[in-house]
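**Student:** sharing a model that was predicted from the sequence below.
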Amino acid sequence: MHWVDALITVSTLLGGLAFFLYGMNIMTNGLERMAGGKLETILKKASSNKVKGMALGAGVTAVIQSSSATTVMIVGLVGSGIMSLPQTIGMLMGTNIGTTITPWITALPSLGGSSDDNLKFLNLFKPSFFTPLIAVFGIILIMFFSTKNRKNKDIGTICLGFAVLMQGMELMSGAVSFLEEQKEAFQAIINFLQTPFVGIWLGLIIATLFTTIIQSSSASVGVLQALVIGGFSFPFKVAIPLILGFNIGTCVTAVISSLGANRNAKRVAVAHLTIKLIAVTLCFIPFAIMGLFDNGTIFGWTVNVWHIAIFHTTFNVVTTAILLPFSKLLERLAYVIVKDKGDEKELEVAFIDPILIQQSPSVALSECSNLTLEMCKISKETVDFSIDNIYSYNDKASKVILDKEALIDKYEDSLGTYLVQISSRALSDADSRKISKMLHTIGDLERLSDHAVSVLKVAQELKDKGIIFSTEATGEIEIIAKATKEILNITESSYLENDIEMAKRVEPLEQVIDKLIANTKSNHIVRLRAGTCTIELGFVLSDLLNNFARISDHCSNIAVAIIETSHSSFGTHEYLNMVKSNHDEQFEREFKAFESKYSIGVSKG
């Protein structure tokens with residue numbers, strides 16, 4: 001073979017591998033976007049039931065067509081403290097089964113057609129016929145039907161990914177056919193790999209290193225299948241060590257993803273690698289021993305692409321069935337390998353592992369949503385507690401409120417960073433709306449906790465200065481406090497349940513609270529003129545009332561974000577102006593109901 005032809009062949013092989021990997025990546029991303037946060041919900045359903053966990057791991061991997069993606073997702077979930085190591089052992093085994101689907105797909109190019117007119121219909125089952133049609137269908141969905149429906153774009157992307165993957169397989173197979181002139185030399189290498197111990201160990205190591213580099217066992221198996229389709233003869237004695245090596249090499253992605261992560265995440269990666277090494281050992285050692293006494297039996301048979309798919313599937317299914325009962329031992333082994341440092345305990349991780357954002361943005365977004373819900377609960381509890389302690393300030397209550405406020409600050413900082421990072425990734429329309437809603441909400445939730453601290457300071461001033469409000473002022477404050485607590489309850493419930501109708505009740509109550517505050521300020525002026533109140537009391541009262549007003553304002557902002565998310569817009573001022581100026585019937589009805597429930601009369605001076 002001329003050196004130019006050799007370069008062209010190598011270029012085609014590498015290009016085919018690149019197409020294969022890129023097509024698989026496109027498919028995985030499209031499938032994950034379609035699944036969205038459902039993947040996270042499915043994965044978190046895994047309990048101590050190892051069989052259920054295995055089934056979930058296999059199912060998710062089969063859906064997104066990547067054991068590496070599923071494994072990295074699991075590493076991220078454990079690193080974030082969302083799942084525990086015991087929940088993941090069965091799931092890790094399941095990913096090994098789920099990934100066996102791809103070799104069956106990549107075996108399709110080996111399907112033969114027929115030149116016989118009566119059997120020409122068999123050509124319709126060849127990838128060379130249906131792959132271009134799938135690509136055309138995908139591009140039509142993307143170009144003409146994805147403007148208003150992101151799901152169509154995701155389906156189109158999956159179709160194109162499949163077409164690119166199959167084209168990569170065709171390129172690799174075609175490039176291999178160009179090596180006919182050097183077939184004897186390549187076949188000599190294959191024959192060397194049949195030698196007892198040295199050859200088969202070398203095959204195992206080469207396959208492991210190759211998969212470590214490309215980080216995809218499916219792609220490695222695809223390359224082997226392409227070589228077989230191209231005319232190279234691989235006996236079982238060579239193919240089996242190669243396939244086993246591919247299975248070891250695929251663990252590198254999880255190991256890399258765990259670098260820099262906490263110890264629990266590292267334990268997941270170690271458990272995944274351990275499972276693979278034990279499984280390969282269970283198969284390889286008997287195979288190596290039997291190979292010593294092989295006299296042209298099954299080990300010398302030449303494999304085809306379907307044999308490769310069958311062995312790959314059988315190996316993973318059988319070894320998983322063997323190892324599944326020993327899940328507890330595998331878990332303990334992970335703890336032995338990755339130990340805690342002395343008496344230092346693993347810190348509780350409250351936030352998202354960056355691995356999860358990079359590998360599975362939709363899953364990370366779903367966890368951000370859960371954290372925002374938790375943030376909402378904590379903010380509401382903090383304000384409630386501060387209101388309850390207006391007249392009974394104490395150091396214990398102060399510490400609780402200040403600690404919660406500091407925690408809320410951490411939530412806002414972390415969530416803001418995560419959401420900005422996730423928003424730069426390709427997301428579904430629903431996920432994009434979730435990000436907008438959370439970005440519009442977390443700032444208001446943080447400000448609620450700030451006002452809880454401000455109310456706490458008012459309570460401290462009342463105690464330190466021995467200030468006592470008049471009976472009338474105390475009664476008015478109690479009414480406003482009750483109304484404020486109700487608006488907090490309504491806001492929390494509407495956000496936690498994403499209840500649009502409940503959210504519409506917030507603004508009428510906010511208007512009533514504004515009216516209550518205005519009446520209280522007017523009454524204070526009357527009392528000041530009558531000499532029943534002092535200027536100093538007025539300053540303290542004003543601070544307290546202003547905090548109540550701002551708390552209700554932030555509740556209003558959160559409610560508007562809930563309502564406007566459903567309309568895919570965030571015109572807060574436009575919405576409020578529309579409700580007030582158009583005399584919305586629901587608004588008027590709710591306003592009157594709250595006005596009759598909370599009322600403060602205006603004193604005449």
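**Tutor:** Great, that's in hand.

**Student:** list the contacts for Ile408?
**Tutor:** 375, 378-379, 382, 445-446, 449 (C-beta atoms under 8 Å, 6 or more residues apart in numbering). For glycine as for every other residue, the C-beta is placed from the backbone atoms N, C-alpha and C.

**Student:** scan the protein for its longest helix.
**Tutor:** Among the elements of type helix in the chain, defined by DSSP state H, the one spanning the most residues is helix 429-465.

**Student:** which neighbouring elements make contact with that helix?
**Tutor:** Using 3 or more C-beta pairs under 8 Å, 6 or more residues apart in numbering; DSSP states H and E as the contact criterion, the neighbours of helix 429-465 among helices and strands are helix 361-388, helix 395-423, helix 535-565.

**Student:** by contact count, what packs against the first one?
**Tutor:** In other words, helix 361-388. When contacts are defined as 3+ C-beta pairs under 8 Å, 6+ apart, helix 361-388 sits against helix 3-35, helix 38-44, helix 67-79, helix 354-359, helix 395-423, helix 429-465, helix 471-497.

**Student:** rewinding a little: for the longest helix of the chain, what is the average pLDDT?
**Tutor:** Computed over helix 429-465, the mean pLDDT rounds to 90.

**Student:** what are the buried residues along it?
**Tutor:** The neighbour-count check on helix 429-465 (16 or more other C-beta atoms under 10 Å) flags 431-442, 444-456, 458-459, 461-462 as buried.

**Student:** do the same with stretch 221-233
**Tutor:** Buried residues in stretch 221-233, defined by neighbour count with 16+ other C-beta under 10 Å: 221-230, 232.

**Student:** in helices, which of the residues you listed fall?
**Tutor:** 221-229.

**Student:** including distance to Leu528 and pLDDT, could the residues you listed go into CSV?
**Tutor:** What follows is those, written out as CSV (distance: C-beta to C-beta, whole Å; pLDDT from 0 to 100):
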residue, distance to Leu528, pLDDT
Val221, 85, 85
Gly222, 84, 80
Val223, 87, 80
Leu224, 90, 85
Gln225, 89, 83
Ala226, 90, 78
Leu227, 93, 79
Val228, 95, 82
Ile229, 94, 78
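
**Student:** tell me the one of these nearest Phe210?
**Tutor:** Of all those, Phe210 sits closest to Val223, with 7.9 Å by C-beta to C-beta.

**Student:** thought that closest one was touching Leu17?
**Tutor:** Yes - applying C-beta atoms under 8 Å as the test, Val223 and Leu17 come out as touching, 6.6 Å apart.

**Student:** please report how far Ile558 lies from His440.
**Tutor:** Here the distance between Ile558 and His440 works out to 8 Å (C-beta to C-beta, to the nearest Å).

**Student:** also Asn29?
**Tutor:** 27 Å.

**Student:** over to Ala483?
**Tutor:** For Ala483, the distance to His440 under the criterion C-beta to C-beta works out to 24 Å.

**Student:** CA atoms only: put stretch 546-561 into PDB for me.
**Tutor:** Below are the C-alpha coordinates for stretch 546-561, written out as PDB (Å, rounded to 0.1, in the frame of the first residue of the first chain):
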ATOM      1  CA  ASN A 546     -41.500  49.200  56.800                       C
ATOM      2  CA  ASN A 547     -40.200  45.700  57.300                       C
ATOM      3  CA  PHE A 548     -43.800  44.300  57.100                       C
ATOM      4  CA  ALA A 549     -44.300  46.300  53.900                       C
ATOM      5  CA  ARG A 550     -41.100  45.000  52.300                       C
ATOM      6  CA  ILE A 551     -41.900  41.400  53.300                       C
ATOM      7  CA  SER A 552     -45.300  41.600  51.600                       C
ATOM      8  CA  ASP A 553     -43.700  43.200  48.500                       C
ATOM      9  CA  HIS A 554     -41.200  40.300  48.100                       C
ATOM     10  CA  CYS A 555     -44.100  37.900  48.500                       C
ATOM     11  CA  SER A 556     -45.800  39.700  45.700                       C
ATOM     12  CA  ASN A 557     -42.700  39.400  43.500                       C
ATOM     13  CA  ILE A 558     -42.500  35.700  44.100                       C
ATOM     14  CA  ALA A 559     -46.200  35.200  43.300                       C
ATOM     15  CA  VAL A 560     -45.800  37.200  40.000                       C
ATOM     16  CA  ALA A 561     -42.900  35.000  39.000                       C
END
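
**Student:** could you chop this protein up by domain?
**Tutor:** The chain is divided into the following domains under automatic domain parsing: 7-114+124-337, 360-466, 467-605.

**Student:** residues contacting the residue nearest to Thr71 when sequence neighbours are not counted?
**Tutor:** Counting by C-beta to C-beta, 6 or more residues apart in numbering, Ala254 is the residue found nearest to Thr71 once chain neighbours are left out, at 4.4 Å. Residues in contact with Ala254 (C-beta under 8 Å, 6+ apart) are 68, 71-72, 75, 268-269, 272-273.

**Student:** let's see that with 10 Å instead.
**Tutor:** If a contact means C-beta atoms under 10 Å, 6 or more residues apart in numbering, then Ala254 has 67-68, 70-75, 92, 95, 215, 265-266, 268-273, 276, 355 as its contacts.

**Student:** after the host helix or strand of it, next one along is what?
**Tutor:** Using DSSP states H and E, Ala254 sits within helix 252-258. Sequence order places helix 263-292 as the next helix or strand after helix 252-258, per DSSP H and E.

**Student:** before we move on, back to that, now do the longest helix of the chain against helix 535-565, angle only.
**Tutor:** What separates the directions of helix 429-465 and helix 535-565 is an angle of 170 degrees, with axes from the mean of the first three to the mean of the last three C-alpha atoms, to 10 degrees.

**Student:** now helix 429-465 and helix 471-497, what's the angle there?
**Tutor:** Angle of helix 429-465 versus helix 471-497, following the same axes, to 10 degrees, is 160 degrees.
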